[in-house]
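S.K.: next comes the sequence, and after it the predicted model I'd like to discuss.
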Amino acid sequence: MITMGIDLGAKNVKVVILKDNKVVAKSNVLAGFEVTKNAQKAIDMALKKAGITKDDLDKVVSTGAGEKLAPFYDETKSMVGCDSLGAVYLHPATRSVIDVGAEEGRGMRCDETGKVLDFEVNEKCAAGAGAFTEAMSRALEVPLEEFGALSLKATEEIPMNAQCTVFAESEVVTMVHNKVSKANMAKAVHDAMASRISSMIRKIGFNKDVLLVGGVAKNVGFVESLNKDLELKVVVPKDPEYVGALGAALAAAGWKGGK
Amino acid sequence: MVEKSELWRWTESRWTNEDIDWKGKIITSGVDVGSVSSQAVILADGQLYAFSNMRTGSDSPDSAMKAINWAIEDTGLKLDDIVYTIGTGYGRVNVPFSQRAITEIACHARGANFMYGPTVRTILDMGGQDCKAIRCDERGKVTNFLMNDKCAAGTGRGMEVFADLLGISINDVGDLSLDVDKEPPPVSSTCVVYAKTEATGLLREGWPKNKVLAAYCSAMAHRIISLLERIGVEEDFAITGGIAKNKGVVTRLQKEVGVKIMDTSKYDPQIAGALGAALFAKALYDKGKRK
């Protein structure tokens, strides 16, 4: 059975193709403003990698903020549902999942079949999403790829007062004037963001097996701050940004945990 | 009124009352160091004599000094002539020459009472990085207040971000937003960061700038209405702070709030906090003298 999962996020479109529940291809394309067109591009890339055509697909599930903008699909499934499925597939012990994407943060609890038991979402405010670190790395003129690692070199813990991303930008400017080092500022940014995410996940509760997914999971500075805040070590899978699309493809295949 | 322009930023200004001779009078002052703007107000025997309104720099004490020095520039007044100064605003403890600091909530109510008369019962102060709804009595004493200082949505900073995005002077934003045939649906994102992305999308769809501004001004009005509804609006209702100068937001607020918004053009609505502080300074000076 060949299935496809499409995750249309705020920033990127991710596609995963499964053959008998094994990943055979994945692709990631910037969503931009012509989301449907770019989603088609991502789909074509994945089909080519898998060496199949659209007609070979048995079922397609679409998810994410723009799920309805996919060029074609059989069903849509909620992002939390897809995240949980993908998380349990990758790391069967997982019972808590945190997904931090470009414009949304999500926390969920699930059972061994990947079924969602409880969840909490922030989609209103950039302070608890990737957009926050993006804005801060821009304000500090540090490439986003280096921003996380820079935070690990911090020598001091400086609290950040602003919650709002827009206000935090001005606060960072003030810090620059006060000659705070970029590494310490990067840490302040990641600590602030981790505290938003951990207060969200505390609302629904969590156990020790926490899987962190979404693009921001690649940010080592954020992971470090989050670990400290939650007093545990979150598990970050390889390619954390594909977990939603993977879950969608698993849902299309009717996968429900096990083996 | 002397005006100093700064690209897309709002206009800094100062004003002196030419009819007053300050010599021999009791000079008190109030300095409001806000997150985006700073104001200094000088009173001569409790009468409004001079004020300045400037952008806050990264250093609060420095911004306070600049504001007061600009207010007394060319008046012959020296800092030493001021007998009592009160600091207010988020940088109020950093006003170097002040005798005391008083919260901006109390100062705004007091200032609005002076500017718009004792009938004012509700004041909406829309500042650079916060938004406050204040209820007060006939003496300008605060009876209740609510504020948002956590989020840029509904603040002047949010509007600056939009002015910057569209490359339009912040002074023209309000008027331009009213120049539409039909009111567009408001921008749906709450967060300014997301609203910016949404607006970029609208521009790409071919929306003209004024229509995008209309959608944003209307979103901002909606946001403030929810704050006002929680505290309740009693007449007379006045708006202070920088956004009071934005007709696009004020007109849309007027439509939804149900009560008439007072004409605030007599005084610069940004000076209410500093004016209140200067009035408190006068009262405290008089009280100290009587003892």
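M.R.: Cool, the structure landed.

S.K.: tell me, how many residues neighbour the residue lying closest to A:T165 once chain neighbours are set aside?
M.R.: Leaving aside its sequence neighbours, A:T165 sits nearest to A:A126 (C-beta to C-beta, 6 or more residues apart in numbering or on different chains; 4.3 Å). (C-beta placed from N, C-alpha, C; glycine too.) Neighbour count of A:A126, defined by other C-beta atoms under 10 Å in any protein chain shown: 32.

S.K.: before we move on, what about A:V61?
M.R.: A:V61 has 26 neighbouring residues, counting by other C-beta under 10 Å.

S.K.: how about B:G156?
M.R.: Other residues lying near B:G156 total 27 when counted by other C-beta under 10 Å.

S.K.: might you report the residue contacts of it?
M.R.: B:V36, B:M126, B:G127, B:G128, B:Q129, B:G241, B:G242, B:I243 (C-beta atoms under 8 Å, 6 or more residues apart in numbering or on different chains).

S.K.: now do the residue nearest to A:T165, the pLDDT please.
M.R.: Model confidence at A:A126, given as pLDDT, is 92.

S.K.: all helices for the stretch 1-150 of chain A, in order.
M.R.: Here the stretch 1-150 of chain A has its helices, by DSSP state H, counting those that start in this stretch, at A:35-50, A:79-90, A:130-139, A:144-151.

S.K.: and those helices: which comes nearest chain B?
M.R.: The closest of the helices of the stretch 1-150 of chain A to chain B is helix A:130-139. By C-beta to the nearest C-beta, the value is 5.2 Å.

S.K.: which outside residues touch that closest one?
M.R.: A:11, A:100-103, A:126, A:143-144, A:147-148, A:165, A:168-169, A:172-173, A:185-186, A:189-190, A:192-193, A:214-216, A:219, A:222, B:193-194.

S.K.: do the same with stretch B:255-265
M.R.: Outside stretch B:255-265, the residues within contact range by C-beta under 8 Å, 6+ apart are B:115-116, B:120, B:221-222, B:225, B:228, B:233, B:235-240, B:244, B:250, B:253-254.

S.K.: quick one: which of those residues sit in helices?
M.R.: Of the positions in these, B:M115, B:Y116, B:A221, B:H222, B:I225, B:L228, B:V250, B:L253, B:Q254 sit in helices, assigned by DSSP state H.

S.K.: for the stretch 101-250 of chain A, what spans make up the strands?
M.R.: Using DSSP state E, counting those that start in this stretch, the strands of the stretch 101-250 of chain A run over residues A:105-110, A:116-122, A:210-213.

S.K.: re the thing from before, buried subset of the contacts of helix A:130-139?
M.R.: A:11, A:100-103, A:126, A:147-148, A:165, A:168-169, A:172, A:185-186, A:189-190, A:192-193, A:214-216, A:219, A:222, B:193-194 (16 or more other C-beta atoms under 10 Å in any protein chain shown).

S.K.: could you dump the strands of the stretch 101-250 of chain A into TSV with mean pLDDT and distance to B:T56 added?
M.R.: TSV is the format used below for the strands of the stretch 101-250 of chain A (pLDDT from 0 to 100; distance: least, C-beta to C-beta, whole Å):
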stretch	mean pLDDT	distance to B:T56
strand A:105-110	95	32
strand A:116-122	94	30
strand A:210-213	96	39
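
S.K.: contacts only, for the nearest residue to B:A152 once chain neighbours are set aside.
M.R.: The shortest distance from B:A152 to any non-neighbouring residue, by C-beta to C-beta, 6+ apart, is to A:V166 (3.6 Å). Listed by C-beta under 8 Å, 6+ apart, the contact set of A:V166 reads B:A152, B:R157, B:G158, B:V161, B:V192, B:V193.

S.K.: now the second one: which helix or strand?
M.R.: I take that to be B:R157. helix B:156-166 (DSSP states H and E).

S.K.: I'd like the next helix or strand past that helix.
M.R.: helix B:173-177.

S.K.: can you spell out the domain ranges of chain A, please?
M.R.: For chain A, the structural domains run A:1-91+A:240-259, A:92-236, going by automatic domain parsing.

S.K.: tell me the bridge partners for B:S52.
M.R.: With DSSP bridges applied, B:S52 shows beta-bridge pairing to B:R14, B:A40.

S.K.: just name the most buried of the helices of the stretch 1-150 of chain A.
M.R.: Of the helices of the stretch 1-150 of chain A, the one with the most neighbours on average (mean count of other C-beta atoms under 10 Å in any protein chain shown) is helix A:79-90, at a mean of 27.

S.K.: contacts for that one?
M.R.: Contacts of helix A:79-90 (C-beta under 8 Å, 6+ apart): A:5, A:7, A:21, A:61, A:63-65, A:94, A:97, A:99, A:104, A:106, A:108, A:110, A:112-116, A:119, A:121, A:211, A:213, A:237, A:242-248, A:250-251, A:255, A:257.

S.K.: give me that answer again for 7 Å
M.R.: The contact list for helix A:79-90 (C-beta atoms under 7 Å, 6 or more residues apart in numbering or on different chains) reads A:63-64, A:94, A:97, A:99, A:106, A:108, A:110, A:112, A:114-116, A:119, A:211, A:213, A:237, A:243-244, A:246-248, A:250-251, A:255, A:257.

S.K.: also stretch A:193-209?
M.R.: Contacts of stretch A:193-209 (C-beta under 7 Å, 6+ apart): A:93-96, A:98, A:100, A:105, A:107, A:109, A:118-120, A:122, A:127-128, A:132-133, A:222, A:225-226, A:229-230, A:232.

S.K.: do a quick rundown of the strands in the stretch 51-200 of chain B.
M.R.: Going by DSSP E, counting those that start in this stretch, the stretch 51-200 of chain B shows strands at B:82-88, B:100-101, B:122-126, B:131-136, B:142-148.

S.K.: just checking: what are the partner strands of the shortest one?
M.R.: To tie it back to what came earlier, the one meant is strand B:100-101. Assessed with DSSP bridges, strand B:100-101 is paired to strand B:82-88 (parallel).

S.K.: centre of the chain to the strand it pairs with, how far?
M.R.: Remark: strand B:82-88 is offset 19 Å from the chain centroid, using C-alpha atoms, centre = their mean, to the nearest Å.

S.K.: among the contacts of helix A:79-90, name the buried ones.
M.R.: A:63-64, A:94, A:97, A:99, A:106, A:108, A:110, A:114, A:116, A:119, A:211, A:213, A:237, A:243-244, A:246-248, A:250-251, A:255, A:257.

S.K.: re earlier: mind checking how far the residue nearest to A:T165 is from A:V223?
M.R.: Relative to A:V223, A:A126 is positioned 19 Å away (C-beta to C-beta, to the nearest Å).

S.K.: quick one: low-confidence residue ranges for the chain.
M.R.: No chain in the question, so chain A it is. A:258-259 (pLDDT under 70).

S.K.: nope, chain B please
M.R.: B:1-9, B:290-291.

S.K.: just give the nearest non-adjacent residue to the residue most central in space within it, would you?
M.R.: The centre of chain B sits closest to B:G241, judged by C-alpha atoms, centre = their mean, with a distance of 1.7 Å. Nearest residue to B:G241 in three dimensions, chain neighbours excluded: B:M126, at 4.1 Å (C-beta to C-beta, 6+ apart).

S.K.: list the contacts of that neighbour.
M.R.: B:T155, B:G156, B:I239, B:G241, B:G242, B:I243, B:A244.

S.K.: just B:D32 next, same as before
M.R.: By C-beta under 7 Å, 6+ apart, the contact set of B:D32 is B:S38, B:Q39, B:T88, B:G89, B:E104, B:C107, B:G273, B:A274, B:A277.

S.K.: residues touching the residue in the stretch 1-150 of chain B that chain A sits nearest to, list them.
M.R.: Nearest to chain A in the stretch 1-150 of chain B, going by C-beta to the nearest C-beta, is B:S58, at a distance of 4.2 Å. Going by C-beta under 7 Å, 6+ apart, B:S58 touches A:V173, A:T174, A:H177.
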